[in-house]
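A.B. asks: Provide a 3D model corresponding to the input given below.
(2 chains)
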Amino acid sequence: MERPPDVFSRRPSLSGTIAPAMIQMFHVSKAYPGDPPVLVDINLDIEKGEFIFLTGPSGAGKSTLLKLMFLAERASRGQVLLAGRNVARLRESGIPFLRRNIGVVFQDFKLLPTRTVAENVGFTLDVLGTARDEVRDRSLKMLRRVGLEHKADVSPLKLSGGEQQRVSLARALVNDPALLLADEPTGNLDPALTVEIMDLLTDVNARGTTVVVATHDATLIERYQKRTLRLEKGTVVADERGAKAARLMSQTA
Amino acid sequence: MSAPAKLAYFVRTAVGSIVRSPFVHVIAVASLSLSLIGFGVARIARTQLDALVDSLGGEVEMTVYLAEDAPEAQVAELEQALAQRTAGEVHRVSPAEALGRLATQLGEDGKVLTELPDNPLPWSLEVHLPKAARDAASLGDLARKTRALPFVTGVDYGEEALERLTLIARALEIASLVVFSLVFLTAVIVVSATLQLAIFARREEIEIQKLVGATDRFVRLPFLLEGLLQGLLAAGLALGAVFALVRWLESGQTGLLAFARLDGRLVVQWPRLAGELVGIGCSLGLVGSFIAVRRFLRV
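C.D. replies: Numbering: from 1, shown residues only, chains lettered A, B, ... in the order given. As a prediction, this is how the structure comes out:
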């Protein structure tokens, strides 16, 4: 039967002393036919357990870079390694199993209007063949963590943008993924909620999940002082950590 | 990863989707039903034509005319040989019997026959041919050989009628094959187009399923189940419609059956037709869904 490859194990590998990095990119380019390239010669190394901000102006390639990370796109050139596994060598049928270890928060949320909030969150678990009661149980627990338990049985259409964003986050996290990718997860939130969501993200990060957040928000980068990659015109123009990152990003963002 | 939970999920998803967007499903079932009704009508028409050809074919027989002086032993031998060769039934017909039949066939005009001084008709043997022996070629061969026998004055087997019948049967075969293929092809196209419409409405759901790690099989199964349900439902509806149509035709209000020289009843093998409609309906639903969902699996 279906057996996911255990590439995302959070324990150090037994075979070698060095666990593979979560995401590695070597000379990765992405171009669509007829358009100028979106990403040019990207080299990246994101270790397990890291918290990364991905920033840069609109159209710099942030979303495309994220898409390469959850295999919605394939690189035109270069190598992408997820947990040490070269995705170019991955068969089409292996992609679903890899994705089960990756939670994604989409910029446009991608919630289903015909399902309730709880059902949307449970979608991730349904796919794994989890029993119905357990799906409901875990979905409600996750909704409680994002503060939306009371909205469990309404349609996402009745929620504000910020609430929808949190539902999307709940769906990404409900399966406790090894890697969380979030595209502007605080874009629609007021400052108080932004803090709540960021607390949640740092919390899951503290529990071992690697987190990559694409954001415009310079204040976020300043306040949290995490490793920050800045993209401009498809290339990484800065890769800084801590206070230095905050200063650099706030100047140019 | 429990199988029952998955199965329950698939059934829930399939039923849920029908409940949530009844309109597209009504269209899909309607187009499936129409295709199946077309098939059912074609099937029944074919059965009627077959029955018609069979009833005409029932008249196929070979008559062997005997010389007046044929000795009894020879006739009996010939009788036996013919019966063996054709595996049919052989009757000896006396001149009186033959004259009587002729008189009946002629009706009013038959009265003239009674004026005859003596019976001009010879003794003859009537061979009723079983279905298997009814092809023009082998019958012609048999007739030629019989003609060469002693005390046989003539052999008659309705050559022209038989050849025409064979031709009609072959034409029917080809025509029904063409009709069936057309109906089936149209059905596949219409059904998969309709299902594509139904699935298009749910491409977002498929996209999200795939993004959270669903396998193609997992995404596809509820759709196949839906196709199967739609096929079953459509088969039931089509069967009902065809049944009503047959009853209506048989009620004699249309005069269509009189035209076809059928005695007011249609030959329909209902269990077989039901089986075929369900089989075709389900496979159309399955194949249509399979083709339709394929397009949306690339995420």
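A.B. asks: who in the stretch 1-150 of chain A is up against chain B?
C.D. replies: A:1-2, A:70, A:72, A:93, A:96-100, A:102, A:104, A:110, A:112, A:114, A:123-124, A:126-132 (C-beta under 8 Å from any C-beta of the partner chain). Quick note: C-beta positions are derived from backbone N, CA and C, even for glycine.
A.B. asks: Of those residues, keep whichever come out buried.
C.D. replies: Burial by neighbour count, judged by 16 or more other C-beta atoms under 10 Å in any protein chain shown, picks out A:70, A:72, A:96-100, A:102, A:104, A:110, A:112, A:114, A:123-124, A:126-130 from the residues of the stretch 1-150 of chain A next to chain B.
A.B. asks: tell me which element whatever residue of chain B ends up closest to chain A is part of?
C.D. replies: Residue nearest to chain A within chain B: B:Gly213 (3.7 Å; C-beta to the nearest C-beta). In this assignment (DSSP states H and E), B:Gly213 forms part of neither any helix nor any strand.
A.B. asks: Was I right to think it contacts A:Arg99?
C.D. replies: Yes. Between B:Gly213 and A:Arg99 there is a contact under C-beta atoms under 8 Å: 3.8 Å.
A.B. asks: for A:Ser93, what are its contacts?
C.D. replies: By C-beta atoms under 8 Å, 6 or more residues apart in numbering or on different chains, the contact set of A:Ser93 is B:215-216.
A.B. asks: Likewise for B:Leu266?
C.D. replies: B:Leu266 touches B:44, B:47-48, B:246, B:249-250, B:257, counting by C-beta under 8 Å, 6+ apart.
A.B. asks: mind putting these in JSON lines, distance to chain A and neighbour count included?
C.D. replies: Formatted as JSON lines, the contacts of B:Leu266 follow (distance: C-beta to the nearest C-beta, whole Å; neighbours: other C-beta atoms under 10 Å in any protein chain shown):
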{"residue": "B:Ile44", "distance to chain A": "42", "neighbour count": "19"}
{"residue": "B:Thr47", "distance to chain A": "46", "neighbour count": "16"}
{"residue": "B:Gln48", "distance to chain A": "48", "neighbour count": "16"}
{"residue": "B:Val246", "distance to chain A": "41", "neighbour count": "18"}
{"residue": "B:Leu249", "distance to chain A": "45", "neighbour count": "19"}
{"residue": "B:Glu250", "distance to chain A": "47", "neighbour count": "16"}
{"residue": "B:Leu257", "distance to chain A": "50", "neighbour count": "17"}
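A.B. asks: Just those residues: which are in helices?
C.D. replies: Among those, the members falling in helices (DSSP state H) are B:44, B:47-48, B:246, B:249-250, B:257.
A.B. asks: burial count for the residue of chain B closest to chain A?
C.D. replies: 23 (other C-beta atoms under 10 Å in any protein chain shown).
A.B. asks: Now do the contacts for it.
C.D. replies: By C-beta under 8 Å, 6+ apart, B:Gly213 lies in contact with A:96-100, A:102, A:124, A:127-128.
A.B. asks: tell me the mean pLDDT over stretch B:65-74?
C.D. replies: Stretch B:65-74 carries an average pLDDT of 82.
A.B. asks: Distance across it, terminal residue to terminal residue?
C.D. replies: Criterion C-alpha to C-alpha, to the nearest Å; first-to-last residue distance in stretch B:65-74 is 13 Å.
A.B. asks: what does it rub up against?
C.D. replies: B:75, B:78, B:122-125, B:150-156.
A.B. asks: In helices, which of these fall?
C.D. replies: Under the assignment DSSP H, the contacts of stretch B:65-74 contribute B:75, B:78 to helices.
A.B. asks: Any chance of CSV for the contacts of stretch B:65-74, columns distance to chain A and neighbour count?
C.D. replies: Formatted as CSV, the contacts of stretch B:65-74 follow (distance: C-beta to the nearest C-beta, whole Å; neighbours: other C-beta under 10 Å):
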residue, distance to chain A, neighbour count
B:Val75, 79, 17
B:Leu78, 75, 21
B:Pro122, 83, 16
B:Trp123, 81, 19
B:Ser124, 77, 22
B:Leu125, 74, 21
B:Pro150, 81, 9
B:Phe151, 82, 16
B:Val152, 77, 19
B:Thr153, 81, 14
B:Gly154, 77, 14
B:Val155, 72, 21
B:Asp156, 72, 12
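A.B. asks: So which residues of the chain form helices?
C.D. replies: Looking at chain A here, since you left the chain open. With DSSP H as the criterion, chain A has helices spanning A:62-69, A:95-99, A:117-126, A:132-145, A:161-173, A:191-206, A:218-224, A:242-252.
A.B. asks: nope, chain B please
C.D. replies: Counting by DSSP H, the helices of chain B are B:3-20, B:22-57, B:72-86, B:95-106, B:136-147, B:159-200, B:203-211, B:216-250, B:256-259, B:270-294.
A.B. asks: And those, which one averages the lowest pLDDT?
C.D. replies: helix B:256-259 (a mean of 58).
A.B. asks: thinking again about what came up before, just curious, which of the contacts of stretch B:65-74 is nearest to A:Asp153?
C.D. replies: Nearest to A:Asp153 out of the contacts of stretch B:65-74 is B:Asp156 (C-beta to C-beta; 86.8 Å).
A.B. asks: Report the central residue of chain B.
C.D. replies: Most central in chain B under C-alpha atoms, centre = their mean is B:Thr47, positioned 3.6 Å from the mean C-alpha point.
A.B. asks: Return the nearest residue of the stretch 151-253 of chain A with respect to chain B.
C.D. replies: Proximity to chain B, evaluated over the stretch 151-253 of chain A using C-beta to the nearest C-beta, is greatest for A:Arg171 at 7.3 Å.
A.B. asks: looking at it, that residue is touching A:Glu119, isn't it?
C.D. replies: No. Applying C-beta under 8 Å, one finds A:Arg171 not in contact with A:Glu119, separated by 10.0 Å.
A.B. asks: Between the two, which has more neighbouring residues?
C.D. replies: A:Arg171 (30 against 20).
A.B. asks: Just list the residues touching the more buried one, thanks.
C.D. replies: Here A:Arg171 is in contact with A:103, A:111, A:120-121, A:123-124, A:142, B:212 (C-beta under 8 Å, 6+ apart).
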